[in-house]
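*Asks:* Quick one, what's the 3D model for this:
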Amino acid sequence: MAQPVKRRYLHEVDLMRVIFIGGVLLNHTTTAFESRLVNTSHSQLILEATHLALHFTRMGFMFMTGLVLVLNYYHRDQHWGHFWLKRYTSSGIPYIAWNAIIMVVATLIASGKIDWPAYWAHLGNALQYGNEYYMYYILVTFQLYLVFPLLVLLFKKLPHAHYQILGVSALLQLVLLVGIKYWLPQVDTSHWLWWFRSYGNNVFVYQVYFVAGGFVAIHYDAVVAWLERQHRFIAGMAGVLALATVGLYFGNQQVLHLSTAATFSVHQPLIYIYDIFMISLVFWIGLRYAHARQHGLPGWLDRLIQAFSKVSFGIYLVQSLPLFALYGILGLLHLPAWVVLALLPIGYLFVAGGALAIAWFCYKVPPFGVLIGRPQWHPLKGVSAYVQNHVKSHTAPATRLRSEDHQG
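*Replies:* Now for the predicted structure:
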C-alpha cells in the first residue's frame, strides 16, 4: 500500500505574514506619533509624506488570505458546509471577543466607567459594521468566505483561462479605483446602501488580491520561477513607486486639494500598482528566507519569525491594546518634535512586542487560543493531539503545497 505523500510546507508564507503584520503595526504606530506632533513641524510632514508607502500591507493581507485559502482548499473534496462552519467559527469567535474586550478597555479609558446599555448598543454597531479597532479586515474575510466557493468554481470551470481571469480582474480593479478616486467624490452617496457607501468594507473592492492569491496558489511553481527571473526589476520598481507615493501625497494635497482621508486612502490607482510590486517583492523575500533556513539562518531569528507567523492573526486582533498604551504614553511627553520622531523605533518595538506578548499568551495557555483562531482543544482528539496537529511543520518534498490553515 502506497504511503501518503506529505505536502510541502511553505516557509516563505511565514515570513510574508510577518512582514505584512509588521507593516500594519508600523502603519498604525506612525499614525499615533503623527497625531502627537505639531501640525507645522517638519517631523510631522516627514511622517505624513511617507505614510502612503506603508499602505501595501492591507492589500498584502488580502492577497495572503486568497493564497492560503486556495492552497488549503482547492485540491480538497469540497464540503462547503464544513468549510463555512470552520472558518466562521475560527474567525467569528475572536472577532466578537476582541471587539468586546477592547471596547471595555476603551470605554474605561475614556470615562472610567461603563454604561452597559450604551456599551451593548455600541458593541452591536461595531460587530455589524467592523468599524472599530481595525476589524474591517475580518468583516471583509467573512464576505470572502461566503463567495469563496464561487472563486474556486471559476478557476476549476475555466482551467485554461486562468491568465485571462487574472487579467480581467486586474483591469476591473484599475477601473474601479479610478472611479473611486475621481468620480465617487462628486456623487451624493448618502442614500446608498451601507455596503456600497462604505466601500472599504466591501469584499469586491479587494477582488484582484483574492483572485491573484488564488492564481498564485494554483500556479505556484511557475510564479516562483517568474519571481526568481524578475526580482531585480520588481525590487527596482517597488523602490521607484515607494518614492512616487511621496509625490502622490503632495499631489493629492496641493494639486487636487483632497481631504486628509482621501489623501491617505489605499484606494488609489498608483497605490494599486505599488501594491502589486511590493507584494511581489515580499513574496520573493519570503523565498529567500525559505532558502536561508536550509543554509545557515541563525536559529534565534528563525524561531522569532516562526513565533510571529504563528500568531500573526492574533497580533492583528489585539494590536489596539498596546496602541492605546502608546497613545497614553505619548500624551504625557512634552518634547521637541524631532525628539518625538526619533522615539518612533522605540514606540514600534513597544507596540510589536506588546501585541506579540498578548497573542503568544493566548497561543500557549488554554483555553485562550480560541481568541486568536488557534483553539488548544478538540472534542474528540483532546488538547495535546490538537495542538500537535496544528503546530507541526512538514518539510519533505511533495507534489502538493501547504500553508498553515488559518487567516492570511
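*Asks:* where does this structure have low pLDDT?
*Replies:* The chain contains residues with pLDDT under 70 at 1-7, 40, 378-408.
*Asks:* Show me the residue at the heart of it, geometrically.
*Replies:* Ranked by distance to the mean C-alpha position of the chain (C-alpha atoms, centre = their mean), the top residue is Phe61 at 3.0 Å.
*Asks:* For that one, which residues are in contact?
*Replies:* 20-21, 24, 137, 316, 408 (C-beta atoms under 8 Å, 6 or more residues apart in numbering). (C-beta placed from N, C-alpha, C; glycine too.)
*Asks:* Serialize these to TSV and add fields for secondary structure.
*Replies:* As requested, those are exported to TSV (DSSP: H, G, I helix; E, B strand; the rest coil):
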residue	secondary structure
Phe20	helix
Ile21	helix
Val24	helix
Tyr137	helix
Tyr316	helix
Gly408	coil
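*Asks:* for these, which one is nearest Pro185?
*Replies:* Tyr137 (24.2 Å; C-beta to C-beta).
*Asks:* Double-check the closest one against Gln319; I have them as touching.
*Replies:* No. Using C-beta atoms under 8 Å, Tyr137 is not in contact with Gln319; the gap is 11.2 Å.
*Asks:* which of the contacts of Phe61 sit farthest apart?
*Replies:* Val24 and Gly408 (11.9 Å).
*Asks:* Of these two, give the one with the bigger neighbour count.
*Replies:* Higher neighbour count among Val24 and Gly408: Gly408, with 27 against 22, using other C-beta atoms under 10 Å.
*Asks:* neighbour-wise, which of Tyr137 and Gln319 wins?
*Replies:* Per other C-beta under 10 Å, whichever of Tyr137 and Gln319 has more neighbours is Gln319, with 25 against 22.
*Asks:* Secondary structure element for the spatially closest residue to that one that is not a sequence neighbour, which one?
*Replies:* Leaving aside its sequence neighbours, Gln319 sits nearest to Ala355 (C-beta to C-beta, 6 or more residues apart in numbering; 4.8 Å). Using DSSP states H and E, the element containing Ala355 is helix 344-364.
*Asks:* hmm, who's touching that helix?
*Replies:* 22, 25-26, 28-30, 32-33, 307-308, 310-311, 314-315, 317-319, 321-323, 325-326, 329-330, 368-369, 371-372, 374.
*Asks:* rerun that using 6 Å as the cut-off
*Replies:* 25-26, 29, 33, 311, 314-315, 318-319, 322-323, 326, 368-369, 371-372, 374 (C-beta atoms under 6 Å, 6 or more residues apart in numbering).
*Asks:* Helices of the stretch 251-400 of the chain, start to end?
*Replies:* 260-263, 269-293, 299-310, 312-318, 320-332, 337-342, 344-364, 382-391 (DSSP state H, counting those that start in this stretch).
*Asks:* Please identify the buried residues of the first one?
*Replies:* Under the neighbour-count criterion of 16 or more other C-beta atoms under 10 Å, helix 260-263 has 262-263 buried.
*Asks:* same for it, what does it pack against?
*Replies:* Here helix 260-263 touches no other helix or strand, going by 3 or more C-beta pairs under 6 Å, 6 or more residues apart in numbering; DSSP states H and E.
*Asks:* CA-only coordinates of it, as PDB, when you get a sec.
*Replies:* Extracted as PDB, the C-alpha positions of helix 260-263 are listed here (Å, rounded to 0.1, in the frame of the first residue of the first chain):
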ATOM      1  CA  THR A 260      -6.800  64.100   4.600                       C
ATOM      2  CA  ALA A 261      -8.900  60.900   4.400                       C
ATOM      3  CA  ALA A 262      -8.800  60.900   0.600                       C
ATOM      4  CA  THR A 263      -5.100  61.800   0.500                       C
END
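*Asks:* Out of the helices of the stretch 251-400 of the chain, flag the one nearest Tyr88.
*Replies:* Nearest to Tyr88, of the helices of the stretch 251-400 of the chain and by C-beta to C-beta, is helix 312-318 at 14.5 Å.
*Asks:* what sits up against the helix or strand where Gly124 lies?
*Replies:* Using DSSP H and E, Gly124 maps to helix 116-129. Helix 116-129 is contacted by residues 99-100, 103, 132 when judged by C-beta under 6 Å, 6+ apart.
*Asks:* do the same with stretch 325-332
*Replies:* Residues contacting stretch 325-332 (C-beta under 6 Å, 6+ apart): 32, 36, 347, 351.
*Asks:* now do 10 Å
*Replies:* 28-29, 31-33, 35-37, 105, 109, 340, 343, 346-348, 350-351, 354 (C-beta atoms under 10 Å, 6 or more residues apart in numbering).
*Asks:* in it, what's buried?
*Replies:* 326, 330.
*Asks:* Likewise for stretch 220-234?
*Replies:* So stretch 220-234, judged by 16+ other C-beta under 10 Å, has buried residues 220, 223-224, 227, 231, 234.
*Asks:* now for these, which pair is the farthest apart?
*Replies:* Tyr220 and Ile234 (17.1 Å).
*Asks:* Excluding sequence neighbours, find me the nearest residue to Arg374.
*Replies:* Per C-beta to C-beta, 6+ apart, closest to Arg374 is Tyr363, 5.8 Å.
*Asks:* And whichever strand or helix holds His51, what does it pack against?
*Replies:* Per DSSP H and E, His51 falls inside helix 42-51. Under the contact criterion of 3 or more C-beta pairs under 10 Å, 6 or more residues apart in numbering; DSSP states H and E, helix 42-51 touches helix 11-35, helix 220-250, helix 260-263, helix 337-342.
*Asks:* Same list (those helices) but as TSV, adding distance to Leu69.
*Replies:* What follows is these, written out as TSV (distance: least, C-beta to C-beta, whole Å):
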stretch	distance to Leu69
helix 11-35	12
helix 220-250	14
helix 260-263	30
helix 337-342	39
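*Asks:* For stretch 38-58, buried residues please.
*Replies:* By neighbour count on 16+ other C-beta under 10 Å, the buried set for stretch 38-58 is 43-49, 51-58.
*Asks:* right, I mislabeled it, should have said stretch 251-267
*Replies:* 252-253, 258, 262-267.
*Asks:* same check, this time on stretch 139-151
*Replies:* 139-142, 144-145, 148, 151.
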